[in-house]
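# Provide a 3D model corresponding to the input given below.
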Amino acid sequence: QVQLVESGGGLVQAGGSLRLSCAASGRTFNSAGMGWFRQAPGKEREFVGGINWSGGSTYYADSVKGRFTISRDNAKNTVYLQMSTLKPEDTAVYYCAARRYGRTWSSNVDAYDYWGQGTQVTVSS
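Numbering: from 1, shown residues only. Alright, predicted model coming up:
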């Protein structure tokens, strides 16, 4: 079992930066592929990016590539989402997710077994 708790969301002006953290509990975290997703009002949950179990492989959606960076610290059981050059269209609730058996990321919502409660990110223009 893995429990995930996101933090770091807030209100930021366009062009600004935020770093989200996802703290995990559970023995399987260090072998789990992780993903970040976001959901804006009235829209489906969208894959932002993911990272494999070791941190050696990452992937980003085109909409955030070059602006967002995902990393993990397995010693701290934490995954990070560094967001830079934020745009109003980045406004959403951001969720981290963990796979129970997969060691790498997936863009498929159904591939993840554990989800955090989400943290709101609001980018003002």
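# Going by C-alpha atoms from here, please, whenever you check contacts or count neighbours.
Fine.
# ok now do residue 25, which residues does it touch?
Shown in contact with residue 25 (C-alpha atoms under 8 Å, 6 or more residues apart in numbering): 2-4, 77.
# Any idea what it is bridged to?
Residue 25 has these beta-bridge partners by DSSP bridges: residue 3.
# one step back: for the contacts of residue 25, pick the one with the most neighbours.
In terms of neighbours by other C-alpha atoms under 10 Å, the contacts of residue 25 top out with residue 4 at 23 neighbours.
# ok, that residue to residue 88 distance?
26 Å (C-alpha to C-alpha, to the nearest Å).
# now do residue 121
10 Å.
# before we move on, back to that, closest one to residue 69 out of the contacts of residue 25, please.
Taking C-alpha to C-alpha as the measure, residue 69 lies nearest residue 77 of these, at 17.3 Å.
# Distance of the closest one relative to residue 34?
For residue 77, the distance to residue 34 - C-alpha to C-alpha - is 11 Å.
# Name the residues of stretch 82-96 that come out as buried.
For stretch 82-96, the buried set under the neighbour-count rule, 16 or more other C-alpha atoms under 10 Å, comprises 83-84, 86-87, 90-96.
# typo on my end, stretch 41-60
Using 16+ other C-alpha under 10 Å as the burial criterion, the residues of stretch 41-60 that qualify are 45-55, 58-60.
# Over to stretch 100-117?
100, 102-107, 111-112, 115-116.
# Return the subset of those residues lying in strands.
Within these, residues falling in strands by DSSP state E are residue 115.
# Could you say which helix or strand holds the spatially closest residue to residue 69 that is not a sequence neighbour?
With sequence-adjacent residues excluded and distances taken as C-alpha to C-alpha, 6 or more residues apart in numbering, residue 69 is closest to residue 82, at 5.0 Å. Assigned by DSSP states H and E, residue 82 belongs to strand 78-83.
# CA atoms only: put whatever helix or strand residue 120 lives in into CSV for me.
Assigned by DSSP H and E, residue 120 belongs to strand 119-124. C-alpha atoms of strand 119-124 as CSV (Å, rounded to 0.1, in the frame of the first residue of the first chain):
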residue,chain,number,x,y,z
THR,A,119,-3.1,20.4,-4.9
GLN,A,120,-4.5,23.5,-6.6
VAL,A,121,-2.2,25.5,-8.8
THR,A,122,-3.6,28.9,-10.0
VAL,A,123,-1.7,31.0,-12.5
SER,A,124,-2.9,34.6,-12.9
